[in-house]
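Asks: the following block contains a protein sequence and its predicted model.
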Protein chains: 2
Amino acid sequence: MTSNFISIGELSRLTGLTAHTLRFYESAGVLKPVGRASNGHRRYHSNDVLWLEFVLKLKLTGMPLAEIRRYAQLREQGEMTLDSRLAMLTRHRERLVAKMTALAACADTLDEKIRIYRSMIAKLKAPTKR
Amino acid sequence: MTSNFISIGELSRLTGLTAHTLRFYESAGVLKPVGRASNGHRRYHSNDVLWLEFVLKLKLTGMPLAEIRRYAQLREQGEMTLDSRLAMLTRHRERLVAKMTALAACADTLDEKIRIYRSMIAKLKAPTKR
DNA sequence: GCTTGACTTAGAGTGCGCTCGAAGTTCTAG
DNA sequence: CTAGAACTTCGAGCGCACTCTAAGTCAAGC
């Protein structure tokens, strides 16, 4: 049977992050200091993987590492911080929605520009009457 | 009658960018060297403003300045670069759509997490039966 | 026993996009 | 005539998120 624990290299392959980045996240307080094997090597458990996956979603949606660290710290303090964490998530969600709205508006501008370009190109390439 | 030209300070107020940033964009090749008043001060025309607004949309949607500069350079070479510019815009649009899709998925995860948090909090706060 | 490779630490370096400071010039209002 | 605001250039500095280097340890396979 395979172990429940994975090495930093395996987690790296799993997430696409380098081992360097994973250690960096730990030193930045985004990942909590993780269990070690007898030789001192990091051993990640499935909980760690799930947390990291959520972290990557926060990051992808534009939350800075410093804020993710604050969230992580609240998380370690147990369920008495549920309120604060909910507030952070709600606030982040609002920012995300605003950003998505802005992006959609930009996409529209882009589409219109593309349409105009296509018609300009079509005109330039039209067979000259003669 | 007011002039058709605006100063860097006015453009700064108009766009929310600092004058420093506007000069930086010029030195980075994102804005082309602009007309000057007799005293050497920059004078921006409405065309420049429109271009800058488009640049800000490209930037907001994640296009790096280096790529915006390439687009700007093509633009200065006239209509013979329409094809390349269209290709850049189309490619960027695809990346944008991919990003928006990813963000929407993250928003769903976030929503679910928020829902779970709310129900956990509700349970904790429920009157204890006794 | 020796090589290979995955891991460890601490700390320096990189790339991007600004952001600021210094020192000087010029316009405007009082 | 003078004060203050707005502008000029050049170049250094900053914040973020990595990214890499160096030097070392340890375990497995030949």
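Replies: Everything's here; your move.
Asks: please tell me how far the nearest residue to residue A:4 once chain neighbours are set aside sits from chain B.
Replies: Spatially, and ignoring its direct neighbours in sequence, residue A:4 is nearest to residue A:45 (6.2 Å; C-beta to C-beta, 6 or more residues apart in numbering or on different chains). To be clear about C-beta, it is placed using only N, CA and C from the backbone, and glycine gets the same treatment. Relative to chain B, residue A:45 is positioned 20 Å away (C-beta to the nearest C-beta, to the nearest Å).
Asks: so in chain A, which helix runs the longest?
Replies: Criterion DSSP state H: the longest helix present in chain A is helix A:82-125.
Asks: packing partners for it?
Replies: When contacts are defined as 3 or more C-beta pairs under 8 Å, 6 or more residues apart in numbering or on different chains; DSSP states H and E, helix A:82-125 packs onto helix A:65-76, helix B:46-60, helix B:82-125.
Asks: same list (the ones you listed) but as a markdown table, adding mean pLDDT and mean neighbour count.
Replies: Converted to a markdown table, those look like this (pLDDT from 0 to 100; neighbours: other C-beta atoms under 10 Å in any protein chain shown):
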| stretch | mean pLDDT | mean neighbour count |
| --- | --- | --- |
| helix A:65-76 | 97 | 16 |
| helix B:46-60 | 96 | 16 |
| helix B:82-125 | 97 | 14 |
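Asks: DNA strand C: which of those helices is closest?
Replies: Across these, the minimum distance to DNA strand C, taken as C-beta to the nearest atom of the strand, is reached by helix B:46-60, at 5.8 Å.
Asks: list the contacts of that closest one.
Replies: The contact list for helix B:46-60 (C-beta atoms under 8 Å, 6 or more residues apart in numbering or on different chains) reads A:102-103, A:106, A:109-110, A:113, B:4, B:6, B:11, B:14-15, B:25, B:30-31, B:34, B:65, B:67-68, B:71-72, B:92.
Asks: any bit of it sitting next to DNA strand C?
Replies: Yes - for helix B:46-60, a contact with DNA strand C is found by C-beta under 7 Å from any atom of the strand, at residue B:59.
Asks: next, give phi and psi for residue A:6.
Replies: phi -120, psi 160 (degrees, to the nearest 10).
Asks: what is the burial count for it?
Replies: 19 (other C-beta atoms under 10 Å in any protein chain shown).
Asks: got a pLDDT number for it?
Replies: Per-residue confidence at residue A:6 stands at 94 (pLDDT).
Asks: quickly list what it is bridged to.
Replies: residue A:44 (DSSP bridges).
Asks: so it makes contact with residue A:42?
Replies: No - at 9.2 Å, residue A:6 and residue A:42 do not qualify as touching, with contact defined as C-beta atoms under 8 Å.
Asks: break chain A into its domains for me.
Replies: Domain assignment for chain A by automatic domain parsing gives A:1-76, A:78-130.
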